[in-house]
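S.K.: Sequence and predicted model, in that order:
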Amino acid sequence: MSVNFNKELTLKRAELYLQQNQINSAIDEYKKIVETTKDINLMNLLGDLYIRIGDNEKAINCFIPVAEEYSAMDFNLKAIAMYKKIYKLDTNNKVILLKIADLHVKNKHPMEAINLYNQVLESYKSIENRQGIIKVLKRIVKLEPENISKKQELASNYQLEGLFSEAENIYLEIGEKLLGQQKLEEAIKIFDKILFHNPIHKTALKNQVNALLQAKQVERSLEIIKKAIEKNFEDMDFFVLLGKTYLSLNKLDEAEKTFIDLVTKDSSRYAYLLEIAKVFLVEKEFDRTVGLIELFIDVILEKKQKRKITNLLTEILKQDPNHLKTIKCLAYIYRKLQEKGSLISTLKMLVKTALSHGEEKEAIEALNSLIELESDNESYKKELENIKNSSISSKNFTNLLQSTVKDSKSQLTNKFLKTESEINADPTSTQELLEGMMAGNISYLDAQQNLLEAMVAAYPDYLEARIKLKNIYLQKDLKQKAAQECLEIAKIYKELNQKEKAKKTLKEAYENDPTLRKDAIDSQETFGDSDEKIVSKETELLTDPKISNITAQQSKLPSEVISCHNKNNTEVDLTSIFSNQVVTNPPISNKIAAQKLPNESLSPLSFVDITFLQEKNALLDREWRRAVRSNEEISLVAVKIDGFMDYLWNLGEAFIEECRTKILKAIQDTLFRGGDQVVNCIRKDILILILPDTSREGAILIVERINSSIAKIKLDQLNSSLTLSQVIASAKPKRNNNPSILLEQLVNNYSKLTTNNQII
């Protein structure tokens, strides 16, 4: 434009052309002004002139800047009018309709906006534009927060797009709303949707249990919590939820066991034991109250919470002043805390109470303690002498019984060597023997224990004695000793070739003492040595740097390829860490064939093959840390080229490289999120996908999309379609873990591949 441009003169010429109905000439003059001044009024006029000559596209190009300028200046009504002019010229332009609706929202006319949003929504549905549907539904839900049906529709579309976190948040909001309105069945269905994809979603699980309990669906509420514990055995919050649920149902035995398991794993949660101890106190089950306190008394005292337990114990004594177990527990506390005055008073009470219960041994021990504390008090010594003179000490009685065992050695030997069938036929033999020996003595459980211990020491294979000894340990709440005895009993069962009883006894051992190494027990449970397998030569071929020298003319695969398996490879699948059972993974999709190819040997994936992901790929470490902060899941996928070795030997490495290139492109075209990444593996037949913020279900959707893309690949050398097998490993990262746990899971899941074209 010339520097001598005269706006007023140009404007007059344009107006003159208009009067003479010379529209094109007028347009030329107005264009000169608009290009120089950006006058929105003249741009609007220019757009109208384009309409008169039938050039709608240029008219729209004039109107859009005018509408945007009005919108920026908050002239909402004028902006709406301009967008309406544009929409009238282009009724297929849903973006313009959305802008009009957004302006109605700014102008506080929500109903007009909702009507327009619904028009756009129906249009997007007709063409299955899911991203557009999500965009519009988000606007509608914001305007109508009480519209549950629209929220469900939005969550459903998030699911279809694989955006499970977003879907979960909306479903959770809906479920809590329905629960608050006491619409229990509807709320349960909503929480089911969340738990179907994420069985360990804590908030959803808590709300689901609440809804089920209110709906009187007790068994189902317990079932879903137990399944959550199976899938995430290390998360103590699920044990808390299970224990509280049992308490709400007044299932005290189950609640007690659950909270004991909880505090065994995490001693800082002892407060839950005290809660159930209070319930037992109300129920006047004083032994159980004290028993729970004794289990973790040292932990509670270390936390300086003495008052919490002494209050409970004092309350018991108010109701039962002679409760021996309570007095002993108080004495232990005062001795532990070195509170001499309180200890002396309690020991005096203990002496009196123990004698009233016929527990001379307890009284003697208490008096010895009093003598140590107050050596000048002769009354203690005198009372101690009186007790010793009036009864046989339990030590002497035990010696008497041991002597009986020794003297009756030949007689007892016949009983020790009984077979299992004879024991079952005469289950009272040991009971009669013990009762006969102890006739005339009152309930000496310690003596029974000592006698049986002497028996099994002399005759380790005496099964019945060990069973009786185990039962006495349990009766005395010596669970660790009972567990050790269970292990010995299991060995005897094994020698008798009674494997089922052996397994059952091993399980009992772990239940009585969870600190036993469960993996060691599981290894005994099989009672058979697995065959040691030989490392496959195929594995060496897959990672050999000289592989590029192999050509199609070189020798074929051996007729037999021995598979490789590391017998020390421990299963760490996060989804099955609670269960002993072998997890089988059927194909996920009906579209996936599962036919065994006899000529292909499936080579195991080694942890070494992919360790560099953790060590050298900063993306995995970064995404793991981000997932910890955001409490989101992360998935890894190992993509295996089916028939790799056959292709390598028969078609050469050039074909393999062509194959890998096309697969890589197909995968990259399928991944549309910025964080998703494909990483080359040391193994040439494997590619690794890192999928942040992706659950197992989301990874499955991505894998199935990849398979659809791969199916379209055409390779001249192949008569059949190229196929892949994929192994998925998913986890919700925790601060005390690192990506290696996910890599190990990937390796272990890979070992479950049995055929081509599988998803595991």
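M.R.: Ah, there it is. Source: prediction; values computed, not measured.

S.K.: ok, now how distant is Ala509 from Leu42?
M.R.: Computed as Cβ to Cβ, to the nearest Å, the Ala509 to Leu42 distance reads 92 Å. (C-beta placed from N, C-alpha, C; glycine too.)

S.K.: between those two, which one's more packed in?
M.R.: When Ala509 and Leu42 are compared on other Cβ atoms under 10 Å, the one with more neighbours turns out to be Ala509, at 26 against 19.

S.K.: State the helix or strand in which the more buried one lies.
M.R.: Secondary structure from DSSP states H and E places Ala509 in helix 499-512.

S.K.: Can you give me the buried ones in that helix?
M.R.: Ala502, Lys503, Thr505, Leu506, Glu508, Ala509, Tyr510, Asn512 (16 or more other Cβ atoms under 10 Å).

S.K.: Contact partners for Ile134?
M.R.: Leu154, Asn157, Tyr158, Glu161 (Cβ atoms under 8 Å, 6 or more residues apart in numbering).

S.K.: now the helix or strand hosting it, how far from the centre of its chain.
M.R.: In this assignment (DSSP H and E), Ile134 forms part of helix 130-143. The chain centroid and the centroid of helix 130-143 are separated by 31 Å under Cα atoms, centre = their mean, to the nearest Å.

S.K.: Let me see the mean pLDDT of that helix.
M.R.: Average pLDDT, helix 130-143: 88.

S.K.: repeat for stretch 278-287
M.R.: In the prediction, stretch 278-287 has an average pLDDT of 89.

S.K.: Can you check the pLDDT for Leu671?
M.R.: 75.

S.K.: Provide a list of residues in contact with it.
M.R.: Gln677, Val678, Leu689, Ile702.

S.K.: What is the nearest of those residues to Glu633?
M.R.: The closest of the contacts of Leu671 to Glu633 turns out to be Ile702 (Cβ to Cβ; 13.1 Å).

S.K.: To what extent is the closest one buried, counted in neighbours?
M.R.: 23.

S.K.: so how far is the strand or helix carrying it from its chain's centroid?
M.R.: Assigned by DSSP H and E, Ile702 belongs to helix 696-711. On the basis of Cα atoms, centre = their mean, helix 696-711 sits 23 Å off its chain's mean C-alpha point.

S.K.: Equivalent analysis for stretch 117-128, please.
M.R.: 38 Å.

S.K.: can you give me the strands in the protein?
M.R.: Using DSSP state E, the strands of the chain run over residues 634-641, 677-680, 686-692, 724-731.

S.K.: how about the second one: buried residues?
M.R.: In other words, strand 677-680. Going by neighbour count (16+ other Cβ under 10 Å), the buried part of strand 677-680 is Gln677, Val678, Val679.

S.K.: which helices and strands does it pack with?
M.R.: When contacts are defined as 3 or more Cβ pairs under 8 Å, 6 or more residues apart in numbering; DSSP states H and E, strand 677-680 packs onto helix 653-670, strand 686-692.

S.K.: what about the stretch 651-760 of the chain, any weak spots by pLDDT?
M.R.: 672-675, 682, 716-720 (pLDDT under 70).

S.K.: one step back: widest-spaced pair of the contacts of Leu671?
M.R.: Gln677 and Ile702, at 12.4 Å, using Cβ to Cβ across the contacts of Leu671.

S.K.: tell me, what's touching those two both at once?
M.R.: Common neighbours of Gln677 and Ile702 (Cβ under 8 Å, 6+ apart) are Leu671, Leu689.

S.K.: Could you pull up the residues touching Ala482?
M.R.: The contact partners of Ala482, taken as Cβ under 8 Å, 6+ apart, are Lys470, Tyr473, Leu474, Asn512, Asp513.

S.K.: Most neighbours among those, which one?
M.R.: That'd be Lys470 among the contacts of Ala482, by other Cβ under 10 Å, with 24 neighbours.

S.K.: follow-up on the earlier one: which one of the strands of the chain lies nearest to Lys257?
M.R.: Per Cβ to Cβ, nearest to Lys257 of the strands of the chain: strand 724-731, 28.4 Å.
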